[in-house]
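K.L.:
Below are the sequence and a predicted model for it; my questions follow.
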Amino acid sequence: MPRDLPPAKSLRVLITPPDPALAVLLGLQPDIEVVPSLYSRPQVALADSVEAVAALLAEDPDCRTLVMTGSAHPGLLEAALAAGAAGLVLRDVPVEDLARSLRDASMGETVIDPALRP
């Protein structure tokens with residue numbers, strides 16, 4: 001008798017620094033797999049600082065990187081984009097919104113949370 005297998009997770013995401021609670025929430029999304037390192041070839045990374053963007057891109061230039069922030073600071077958006085980030089998202093948005101931002105970034109879009117737009 002054939003068995004219905006769950007769909008394979010298709011979007012690999014790295015969270016740096018690791019955030020176990022966020023990893024669990026994102027991992028509950030049907031298409032997102034949170035990976036432990038760049039060796040797992042993530043398509044998108046969530047970083048907690050602009051400085052982390054350059055380090056991630058130096059290791060894997062194909063990995064789209066979003067900066068996660070708790071609030072908008074003057075110049076943060078410009079600095080993140082100048083560093084090569086694919087966008088800027090708020091840390092405390094619903095996980096569904098964050099997952100959508102990750103999907104959009106993986107498709108080549110620049111993602112900026114509406115609350116952070118100038």
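P.N.:
Here it is on my side, so go on. Residues are numbered from 1 along each chain as shown.

K.L.:
so where's the chain uncertain?
P.N.:
Where the chain drops to pLDDT under 70, the residues are 1-8.

K.L.:
Closest to the centroid, which residue in it?
P.N.:
Leu46 (3.6 Å; Cα atoms, centre = their mean).

K.L.:
quick one: contacts of the helix or strand hosting Ala105?
P.N.:
Using DSSP states H and E, Ala105 sits in helix 95-106. For helix 95-106, contacts defined as Cβ atoms under 8 Å, 6 or more residues apart in numbering pick out 11, 13, 22, 25-26, 28-29, 31-32, 43-44, 46, 64, 66, 86-87, 89, 93, 111, 113. For the C-beta atoms, the positions are set from N, CA and C on the backbone; glycine is no exception.

K.L.:
sorry, back to before: I'd like the next helix or strand past whichever strand or helix holds the residue nearest to the centre of the chain.
P.N.:
Using DSSP H and E, Leu46 maps to strand 44-47. Counting by DSSP H and E, the next helix or strand C-terminal to strand 44-47 is helix 50-59.

K.L.:
Which parts of the protein are helices?
P.N.:
Counting by DSSP state H, one finds helices in the chain at the ranges 20-27, 50-59, 76-82, 95-106.

K.L.:
Give the other helices and strands that the second one contacts.
P.N.:
The contact analysis (3 or more Cβ pairs under 8 Å, 6 or more residues apart in numbering; DSSP states H and E) places helix 50-59 against strand 11-16, strand 44-47, strand 64-69, helix 76-82.

K.L.:
Would you confirm that Ile32 contacts Val13?
P.N.:
Yes - using Cβ atoms under 8 Å, Ile32 is in contact with Val13, at 5.7 Å.

K.L.:
shared neighbours, those two?
P.N.:
Leu26, Leu102.

K.L.:
who's more crowded, these two?
P.N.:
The neighbour count for Ile32 versus Val13, taken as other Cβ atoms under 10 Å, is higher for Val13 (29 against 22).

K.L.:
how close does that one get to Val95?
P.N.:
12 Å (Cβ to Cβ, to the nearest Å).

K.L.:
show me what contacts Thr69?
P.N.:
Neighbouring residues of Thr69 by Cβ under 8 Å, 6+ apart: Asp48, Leu76, Leu88, Val89, Leu90, Arg91, Leu116.
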